[in-house]
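# 3D model of this:
(one chain, ligands or ions: 1)
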Amino acid sequence: MAMRTPGTPVSKMDRTQAVTPVSKIDRTQAVTPGGSSRSREEKIVVTVRLRPLNKKELVAKDQVAWECVDDHTIVAKPQAQDRSHHQSSFTFDKVFGPESFTENVYEDGVKNVALSALMGINATIFAYGQTSSGKTYTMRGVTEKAVNDIYNHIIKTPERDFTIKISGLEIYNENVRDLLNSESGRALKLLDDPEKGTVVEKLVEETANNDQHLRHLISICEAQRQVGETALNDTSSRSHQIIRLTIQSTHRENSDCVRSYMASLNFVDLAGSERASQSQADGTRLREGCHINLSLMTLTTVIRKLSVGKRSGHIPYRDSKLTRILQHSLGGNARTAIICTLSPALTHVEQSRNTLYFANRAKEVTNNAHVNMVVSDKQLVKHLQKEVARLEAERRTPDPSREKDFKIQQMEMEMEELRRQRDDAQTQLEELRQKLQGEEQQKGLNPFESPDPPVRKCLSYSVAVTPSSENKSLNRNERARKTTLRQSMIRQSSTAPFTLMHEIRKLEHLQEQLGEEATKALEVLQKEVACHRLGNQDAAQTIAKLQAEIREMRTVKPSAMLKDVLDNGDVIAPNKSVSANLKEEITRLHSQGSTIANLEEQLESVQKSIDKLVMSLPSNINAGDETPKAKNHHHQSKKKKLLPLTPSSISNRQNFLKSPCSPLSASRQVLDCDAENKAPQENNSSATRGATTPQGSEKETPQKGEESGDVSSRESTPGYRRSSSVNMKKMQQMFQNAAEENVRSIRAYVTELKERVAKLQYQKQLLVCQVLELEANEGAGYSVENEENTIVEDEEQSQVAWHITFIEERQQIIELWHVCHVSIIHRTQFYLLFKGDQADQIYMEVELRRLTWLEQHLAEVGNATPARTCDESAVVSLSSSIRALRREREFLARRINSRLTPEEREELYMKWDVPLEGKQRKLQFVNKLWTDPYDSRHVQESAEIVAKLVGFCESGNISKEMFELNFAVPSDKRQWNIVDNISNLLHL
Ligand SMILES: Nc1ncnc2c1ncn2[C@@H]1O[C@H](COP(=O)(O)OP(=O)(O)OP(=O)(O)O)[C@@H](O)[C@H]1O
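Numbers count the residues shown, from 1 in each chain. Take a look at the predicted model:
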């Protein structure tokens, strides 16, 4: 749509496009197909103003020949003697009658076009008409009002800086004269500029300081204009006058923005066409009249040619200086409004008709205005100078702020403090232990023996797992559960000493692995940061200290005894009794009580140090705009890529059981609970991921380091420095990004190590409990030596008792699954795998414990939205568990068609009361599974259906190992494709 209603208020104007108000007269053209959104075609706005009869005409009793019948139409009054067949009615954008004010002409006719210049769009306002028709009268008023509006706009737009310049020229007898420099008296040349088009050479351009100044300059132009008396007009303009305002505006606050709007606004008061007979011109006036008519004729030709289309051949702009100077305004890059002025007198009716014909053609001319953005040389130079200075400074001093050094110093101090605190804690612990030992010895008791072993065990467990649980009232099942737990422990203690020893070995081996991996992580960190600092000694020292911390962790390795045992192939010394071995184990476990805690503490300390280091990276210091979500995503994706993991660590990670009782995990409530109920992906996908990611990660990290190293080495060469400061900046930025990413990855990795240490803690505590059970049994007379006899004697009785306990425990577990919204795939596997075998005791116990903890945790957290911690571990809530379970049910529903035949489906739908024709019946059906924990038949059938849907059959495609307290990789992943996911589901 092209603009038609010229009076749109400035506030409603589109600041970047030529505005297109609605018009009553639809003579517009469509926007150029494929044209820029900032450029559009628009027809010249044409208005007609009919002045009142002047004194001379009134005296001569001239008649009024024209009438404005409405806002758009002017008609010739029928004259009795007029027998010609001229067009008598003309329609324009606006027609103003003799009573109209110049203000109306401005507001409704040209304002919109004039103010486009404030938005970077060139604009031109013409007055065209016969001599004495009122052109000058109208243009003066229009110019005055436009100046008012321009300055009002400037006042209302404080965010932009405006510069207004003015030049004035007249074309008199086909010579161009400077109205602001009239003393020179010489004619100015027109030059062709490839960018600007025709320019007037040496035309003076003054900058207006304010509106008054501008008005003053305009008045100078008008005063300098050639005026002469003719028969028709005492003050007839004998030249074409062009007053040009150049308006430039720049956004104040955005100092980096070097582009600004720039447009010119032309006020063109043409000389009037005249007939020599009427103007009675002779001599000078006649010569003037000839030139005037000649240039107006060229203008008319240009308009006529343009009105029939720009491709209608040659447009004779160059035939007159007027059309040459105004070329852009005639069919070019400008919005143009023409005010055609008419005398109403019948004596001038032919002249007026010619004016209307001209106006008629002009309204068909199409312009193509666009917003002009310019880069001021001055601004550009300023901007470039600033940039060069900044880059030079950056090149000379990579870290001018010294802020990083300061932060490193701070970090070192904090590390020192942490180390001191750790040593103090260790000393205190040692003192406490010795004191305790002394007291126990005074009482004549073994320090690790308790007069009431079961109570000792319970305390040990509850303190470690849920420090606050002592004050909480027991729930409906807790009492019974504790009883059965105690029973199962006692039973287990008589059967599992070897298993326990084995578990202890594994745990300790894993602990050693953790130390190694932490060292690797720190080595990578050191490399990254060393590169980043470009040899900064302080940073290197800091990292060396961090690494020493990790080495310290490694020194707290399994004891010499463990080493012996491991060296001997993990076999218990044959000359020692099982009881003696266990006692030693107990002692060793206790003596290592602080080992894992130390590891945790030290990892915590390393984590803090790394956090500090990451924060000290320049991009982190400045970065405040990265959203947490984006950071999280970024972090996760990079973590996958960059972690320096070994295959063994990957397999370990996949099989970790998360501990709820670690001091770390308890304080931070770290629990991978979405994983608890996470719906598995389609088959194979997870296994593939697990296999490919670590390999990629092993390759990625060193590559990054090498890249960084390359950059730093190149930067240090003089040739590189000379090459380009912009390139150097880019490369520095790239390097910083890479370093930051890797350090973040390492931080995430250390966090993960911490979690794993926490899990170790949990496992170890569990083992301590069990070893204590053994010890207690021994103390009570159940010696391990006569263990076999005892078992044989009590076998039958024990089996019956266990069976009863199993039934009870399983029911408790099923109820807790339901309450905690645990994965129904997990429920199915557990339910189908553990049928009451003696060896199932430990699994039942572990499951019961973790569910008890989970139930309590959910009760504490409630429905709170799981918050994300910085290390990305999710905190489970009831709602997150329910969501995960819902996703899992959707997953299972999707498998119904592929896993069940149509007959099976139909049978099941009927059996489970799912309408056969109902919508989403698959989901409806799955939603009914595992919903009644008290109906054993329902539970059994639910388990069977889920097993079928996931392809699990109890006879061997899943290992009990995955529910066990060990970290072994399932022996055969092919047995069940989604075993990895299920392992995750089991994470605590
Ligand atoms: N709309 C109007 N209302 C009242 N008086 C008007 C109007 N238009 C013009 N006049 C008067 O008519 C006379 C001629 O006007 P003006 O000089 O503006 O004509 P012009 O078209 O510029 O003539 P020229 O081409 O000879 O310069 C002036 O005295 C002016 O005051």
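
# what parts of the stretch 51-200 of the chain come near the ligand?
Counting by CB under 6 Å from any ligand atom, the stretch 51-200 of the chain comes close to the ligand at 51-52, 54, 129, 131-137. C-betas here are computed from N, CA, C, even on glycine.

# which two from these end up farthest apart in space?
Pro52 and Thr131 (16.6 Å; CB to CB).

# which one's more surrounded, these two?
Applying other CB atoms under 10 Å to Pro52 and Thr131 shows that Thr131 carries more neighbours, namely 25 against 14.

# run a quick neighbour tally on the nearest residue to the more buried one once chain neighbours are set aside.
Spatially, and ignoring its direct neighbours in sequence, Thr131 is nearest to Gly272 (3.0 Å; CB to CB, 6 or more residues apart in numbering). For Gly272, the neighbour count with other CB under 10 Å is 30.

# what's Gly272 sitting at in phi/psi?
Gly272 adopts backbone torsions of phi -90, psi 140, taken as degrees, to the nearest 10.

# and it, how far from the ligand?
Per CB to the nearest ligand atom, to the nearest Å, Gly272 is found 3 Å from the ligand.

# one more: Gly309?
Note on Gly309: its distance to the ligand, by CB to the nearest ligand atom, is 31 Å.

# okay, buried residues for stretch 230-246 please.
Neighbour counts using 16 or more other CB atoms under 10 Å place 230-233, 236-246 of stretch 230-246 among the buried residues.

# strands - which of those land there?
236-237, 240-246 (DSSP state E).

# out of these, which is nearest to Val147?
Of these, the one sitting nearest to Val147 (CB to CB) turns out to be Leu245, at 8.2 Å.

# name the secondary structure element that contains the residue of the stretch 301-450 of the chain found nearest the ligand.
Residue of the stretch 301-450 of the chain nearest the ligand, by CB to the nearest ligand atom: Thr341 (5.7 Å). For Thr341, the host element (DSSP states H and E) is strand 335-342.

# so what strands line up beside that strand?
Using DSSP bridges, strand 335-342 pairs in its sheet with strand 45-50 (parallel), strand 123-129 (parallel).

# let me know the next secondary structure element after it.
Next element after strand 335-342 (DSSP H and E): helix 349-362.

# and that following helix, does that touch the ligand?
No - against the ligand, helix 349-362 shows no contacts by CB under 6 Å from any ligand atom, the least distance being 10.5 Å.

# list the buried residues in that helix.
349, 351-353, 355-356, 358-362.

# and it, what other elements does it pack with?
strand 45-50, strand 73-76, strand 89-91, strand 123-129, helix 283-307, strand 335-342 (3 or more CB pairs under 8 Å, 6 or more residues apart in numbering; DSSP states H and E).

# mean confidence for that helix?
For helix 349-362, mean pLDDT rounds to 92.

# please apply the same query to stretch 261-276.
On average, the pLDDT along stretch 261-276 is 86.

# just the buried residues of it, please?
Neighbour-count burial for stretch 261-276, with 16+ other CB under 10 Å as criterion, is recorded at 261-275.

# returning to what we had before: the residue of the stretch 301-450 of the chain closest to the ligand and Ala127, how far apart?
Separation of Thr341 from Ala127 (CB to CB, to the nearest Å): 6 Å.

# any residues in contact with both of the two?
With contacts taken as CB atoms under 8 Å, 6 or more residues apart in numbering, Thr341 and Ala127 have 135, 138 as neighbours in common.

# so where's the stretch 101-250 of the chain uncertain?
Applying pLDDT under 70 to the stretch 101-250 of the chain picks out no residues at all.

# quick one: mark the members of the buried residues of stretch 261-276 that sit in strands.
The strands, defined by DSSP E, take in 261-269 from the buried residues of stretch 261-276.

# would you convert these into TSV that also reports distance to the ligand?
Below are these laid out as TSV (distance: CB to the nearest ligand atom, whole Å):
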residue	distance to the ligand
Tyr261	32
Met262	31
Ala263	26
Ser264	23
Leu265	20
Asn266	17
Phe267	13
Val268	12
Asp269	7
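
# can you redo those residues as JSON lines with distance to Lys928?
Formatted as JSON lines, these follow (distance: CB to CB, whole Å):
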{"residue": "Tyr261", "distance to Lys928": "68"}
{"residue": "Met262", "distance to Lys928": "73"}
{"residue": "Ala263", "distance to Lys928": "72"}
{"residue": "Ser264", "distance to Lys928": "78"}
{"residue": "Leu265", "distance to Lys928": "77"}
{"residue": "Asn266", "distance to Lys928": "81"}
{"residue": "Phe267", "distance to Lys928": "83"}
{"residue": "Val268", "distance to Lys928": "84"}
{"residue": "Asp269", "distance to Lys928": "89"}
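
# how about those residues, which pair is most distant?
Among these, Tyr261 and Asp269 lie farthest apart (CB to CB), at 26.0 Å.

# Leu858 - how many residues pack around it?
When neighbours are counted by other CB under 10 Å, Leu858 registers 20.

# list the buried residues for the helix or strand hosting Val142?
For Val142, the host element (DSSP H and E) is helix 135-156. For helix 135-156, burial by neighbour count (16+ other CB under 10 Å) applies to 135-140, 142-143, 145-147, 149-151, 153-154.

# restrict it to CA atoms and write it as CSV.
Backbone C-alpha positions of helix 135-156 (Å, rounded to 0.1, in the frame of the first residue of the first chain) are rendered in CSV as follows:
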residue,chain,number,x,y,z
LYS,A,135,2.6,29.5,-4.3
THR,A,136,4.8,31.7,-2.2
TYR,A,137,2.0,32.5,0.1
THR,A,138,1.4,28.8,0.7
MET,A,139,5.0,27.7,0.8
ARG,A,140,6.0,30.2,3.4
GLY,A,141,3.2,29.0,5.7
VAL,A,142,4.0,25.4,5.1
THR,A,143,7.8,25.9,5.7
GLU,A,144,7.1,27.7,8.9
LYS,A,145,4.8,25.0,10.2
ALA,A,146,7.2,22.2,9.2
VAL,A,147,10.0,24.0,11.1
ASN,A,148,7.8,24.1,14.1
ASP,A,149,7.0,20.4,13.9
ILE,A,150,10.6,19.4,13.3
TYR,A,151,11.8,21.2,16.5
ASN,A,152,8.8,19.8,18.5
HIS,A,153,9.8,16.3,17.4
ILE,A,154,13.4,17.0,18.4
ILE,A,155,12.3,18.0,21.8
LYS,A,156,10.2,14.9,22.2
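
# that helix packs against which elements?
Secondary-structure packing of helix 135-156 (3+ CB pairs under 8 Å, 6+ apart): helix 102-104, helix 111-114, strand 123-129, helix 211-224, strand 240-251, strand 259-269, strand 335-342.

# so can I have JSON lines of those showing distance to Glu417?
Listed next are these as JSON lines, based on distance: least, CB to CB, whole Å:
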{"stretch": "helix 102-104", "distance to Glu417": "79"}
{"stretch": "helix 111-114", "distance to Glu417": "71"}
{"stretch": "strand 123-129", "distance to Glu417": "71"}
{"stretch": "helix 211-224", "distance to Glu417": "68"}
{"stretch": "strand 240-251", "distance to Glu417": "50"}
{"stretch": "strand 259-269", "distance to Glu417": "53"}
{"stretch": "strand 335-342", "distance to Glu417": "71"}
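
# now do the contacts for Leu330.
Shown in contact with Leu330 (CB under 8 Å, 6+ apart): 302-303, 306, 317, 323, 336, 365, 367.

# now Lys145
102-103, 106-107, 111.

# go again with 6 Å.
Tyr106 (CB atoms under 6 Å, 6 or more residues apart in numbering).

# identify the residue nearest Asp932 in space, chain neighbours excluded?
Using CB to CB, 6+ apart and skipping the chain neighbours, the partner closest in space to Asp932 is His938 (4.5 Å).
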